[in-house]
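**Q** here are the coordinates; sequence isn't available:
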């Protein structure tokens, strides 16, 4: 394991981590890909798959031996995600990792309206307390996810009101992450609030989605009570429904508003707008 690259990337079988891994490979940066199943790891030049899991400290410890910089994509949404994060950070520290680059959430705070942002804040604090160097990429909501919000009838439903958000494309997050990972010493102790170039209400997003997809999309502003009722049929656990509904109430509260210059600062490129994203010529 000592010969494996000193840069480790998690999440390479997913969307964001996969983009980061591909961009690192294109840039000629050796990396080890921490995956639960080595057979699913992307085949990339200079990438060495190693088996590791947030939920298995023994396996993770072996996978992280010799790692200096760790790109830690937040774990899949789960009731015990925060405990998984704590365990993995502790394991990284024990393995001698020097620097964690963690994908957090825009405006993460202990009292964030979006319930999952509270877990991101707690993870940040745990990483800080570990004594390892850190960089936090606080991503706004994914621009990529907006087309998926509409139901089969073309209606986006949620209690977002006239609130706005500065949603960001995964591609821009990935490019920003690669800048940090290729020279992490320049970004020690930094927190980057990664956003798109514009504030969008869901009504405005619906108009852009209609123009960009050819599908008629509209926005219906539910009450909070209506939002819980309309999602009850999914049979999801309460914590999951709270997360779904608070996605919209966080927008209504203004906690996701305010485009930043962070993507341009890190990549030298303007972040994608929703219209440009839908045009599709940008894909990594």
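**A** Everything's here; your move. Values in this document were obtained by computation on a predicted structure and should not be read as measured data.
**Q** Which residue, neighbours along the chain excluded, lies closest to residue 28?
**A** Once flanking residues are discounted, residue 28 sits nearest to residue 46: 6.8 Å by CB to CB, 6 or more residues apart in numbering. Where C-beta positions appear, they are placed from N, C-alpha and C, glycine not excepted.
**Q** Also residue 182?
**A** Residue 182 sits nearest to residue 29 (CB to CB, 6+ apart), 5.9 Å away.
**Q** can you tell me the helix or strand for the most centrally placed residue in the chain?
**A** Note on the chain: the residue nearest the mean C-alpha position is residue 103, at 5.2 Å, using CA atoms, centre = their mean. According to DSSP states H and E, residue 103 maps onto strand 99-105.
**Q** still on that earlier bit, looks like the residue nearest to the centre of the chain contacts residue 85 (just checking).
**A** No. Applying CB atoms under 8 Å as the test, residue 103 and residue 85 come out as separate, 11.1 Å apart.
**Q** what residues are shared contacts of these two?
**A** residue 74 (CB atoms under 8 Å, 6 or more residues apart in numbering).
**Q** got a pLDDT number for the nearest residue to residue 141 once chain neighbours are set aside?
**A** The shortest distance from residue 141 to any non-neighbouring residue, by CB to CB, 6+ apart, is to residue 167 (4.7 Å). The model reports residue 167 with a pLDDT of 98.
**Q** Settle this for me: residue 167 is touching residue 140, isn't it.
**A** Yes. Between residue 167 and residue 140 there is a contact under CB under 8 Å: 5.5 Å.
**Q** more crowded one of the two?
**A** Legend: neighbour count by other CB atoms under 10 Å for residue 167 and residue 140, higher for residue 167 (28 against 23).
**Q** what sits against that one?
**A** 140, 141, 142, 143, 145, 146, 195, 196, 200, 205, 256, 274.
**Q** For ChimeraX, what selects the buried ones among the residues you listed?
**A** With 16 or more other CB atoms under 10 Å as the criterion, this ChimeraX line picks the buried residues out of the contacts of residue 167:
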select :140,141,142,143,146,195,196,200,205,256,274
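**Q** Give me the secondary structure label for residue 153.
**A** coil (DSSP: H, G, I helix; E, B strand; the rest coil).
**Q** What number of neighbouring residues does it come out with?
**A** 10.
**Q** where does residue 94 sit relative to residue 62, distance-wise?
**A** 11 Å (CB to CB, to the nearest Å).
**Q** In the sheet, which residues pair with residue 47? Tell me.
**A** With DSSP bridges as the criterion, residue 47 is bridged to residue 31.
**Q** For it, grab the count of nearby residues.
**A** Neighbours of residue 47 using other CB under 10 Å come to 21.
**Q** same question, residue 188
**A** 13.
**Q** Looks like it contacts residue 136 (just checking).
**A** No. The pair residue 188 / residue 136 is not scored as a contact, 11.2 Å apart, by CB under 8 Å.
**Q** Residue 178: how many residues sit nearby?
**A** Close neighbours of residue 178, defined as other CB under 10 Å, add up to 21.
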